[in-house]
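Enquirer: Got a predicted structure here, sequence first:
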Amino acid sequence: MVRGIKWLRYRRWMWSGIASLILFCTFCLTACGVPAPPAHPLSNDDTSITVTGNTASPTSVRPIQVETSLSRLVTYPGGLMNMTIATNPHALCSFIIAYGRGTPSRNAGIAPVTADDNGLAKWAWRVDGDARTGWWPLTITAVLPNGAKTTSQVSVHITFPPISIVSTQTNLTAPPRGTMTLTIATAPGISCVLIFNDGPGRPTKALHANSNASGIANWTWRVDNAAVVGSWPISISVTLLDGETTSTQAHMTVS
């Protein structure tokens, strides 16, 4: 009986000691301030974005891509061009073009634009009237709000303007003393010259006109009384603002 009572007391003492040891270890760990593991371990990808609130912004600009199917980069002086590019959404985009001259164009149509939510930036502009014919570099720049930027270059082609006869406003058949008319469509604001004669041996005549803001130039003249019956060539030439000249031919008929 005495031995049983001693054994029960020994067991109580042993469990009491174990509990005290556990409490002591817990206190030591808490006092040392062991940090909890991070909820989301960092990776190399975390260095490519800057977090602001609940949004993430790229720190580098994607390469600029000219959308050729949505762009028209071939025209004549005074003609229209348009261009669409793809880059980062909301990047500030601009371009410069000099058309073979010493200074870049200041045309209002090439002002900077901000890319939309899909990263598209669009321009439509009229080429300067004194642009030179040929292939010329156009340099595009895209800039992010953090200052990161990239550039790209594409070539534009400036051609001679068309010289198209407007048939509804043209009559090139008339008898001597009759009246002929000729209307052409070409580049706006340039000098146009019509050169012809009324047949072999007849004096050459030159009629001048300037195309209007829409590129339309027209002439009206009376056929000479001594004109020779037949079909005779007419030369139509235009002179660009930089002095370049191009021409085409038509025919008049004295009946």
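Expert: Now that the structure is in, tell me what you want to look at.

Enquirer: how close does T239 sit to A250?
Expert: Distance check for T239 against A250: by C-beta to C-beta, to the nearest Å, it reads 18 Å. In this view, the C-beta of every residue, glycine as well, is placed from N, C-alpha and C.

Enquirer: swap that for T151, please
Expert: Distance check for T151 against A250: by C-beta to C-beta, it reads 46 Å.

Enquirer: Would you mind telling me which of these two has more residues around it?
Expert: Comparing T151 with A250 by neighbour count (other C-beta atoms under 10 Å), the higher total belongs to A250, at 16 against 13.

Enquirer: so that one bridges to which residues?
Expert: I234 (DSSP bridges).

Enquirer: who touches it in this structure?
Expert: Contacts were defined as C-beta atoms under 8 Å, 6 or more residues apart in numbering; by that measure A250 touches I165, L172, L182, P233, I234, I236.

Enquirer: Next: A185.
Expert: P162, I163, S164, V166, S214, G215, I216.

Enquirer: Check whether the first one sits in a helix, strand or coil.
Expert: Applying DSSP: H, G, I helix; E, B strand; the rest coil to P162 yields a three-state assignment of coil.

Enquirer: Leaving aside the residues adjacent along the chain, what's closest to it?
Expert: The spatially closest residue to P162, leaving aside those adjacent along the chain, is T186, at 6.3 Å (C-beta to C-beta, 6 or more residues apart in numbering).

Enquirer: Can you give me the distance of the one you found to T84?
Expert: T186 sits 28 Å away from T84, taking C-beta to C-beta as the criterion.

Enquirer: again with P203
Expert: Taking C-beta to C-beta, one finds P203 at 54 Å from T84.
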